[in-house]
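Enquirer: here's my sequence, what's the structure:
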Amino acid sequence: MPLKKPLTLINPHAVRRIPPSFAWLDHRLRSNGFLETFTPSEIALYFFLTLASDQQGLSC
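Expert: Okay, here's the model as predicted:
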């Protein structure tokens, strides 16, 4: 369901750019070893925020 009013960008220079090799899980998290450093709670939070965000990385 689209929002009636677009969300305001807090920092327009930090808008997420979706790379050509887009996947639901950012490849850099796995290939750079970040997932191994996360606790299960941090991984759950990351996935929740990913699900709640729009294509610009914003959520209500």
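Enquirer: give me the buried stretch members for the helix ranked longest in the chain, please.
Expert: The helix that spans the most residues within the chain, counting by DSSP state H, is helix 40-52. The neighbour-count check on helix 40-52 (16 or more other Cβ atoms under 10 Å) flags Tyr46 as buried. To be clear about C-beta, it is placed using only N, CA and C from the backbone, and glycine gets the same treatment.
Enquirer: now swap in stretch 7-15 and tell me
Expert: Here stretch 7-15 shows no buried residue, counting by 16+ other Cβ under 10 Å.
Enquirer: ends of that stretch, what's the gap?
Expert: The first residue of stretch 7-15 is 12 Å away from its last residue (Cα to Cα, to the nearest Å).
Enquirer: now it: average pLDDT?
Expert: Per-region confidence: stretch 7-15 scores 77 on mean pLDDT.
Enquirer: how about residues contacting the helix or strand harbouring Glu36?
Expert: Here Glu36 sits within helix 34-37, counting by DSSP states H and E. Identification of contacts with helix 34-37 by Cβ atoms under 8 Å, 6 or more residues apart in numbering yields Arg28, Leu29, Ile43.
Enquirer: ok, 7 Å please
Expert: With contacts defined as Cβ atoms under 7 Å, 6 or more residues apart in numbering, helix 34-37 is touched by Leu29, Ile43.
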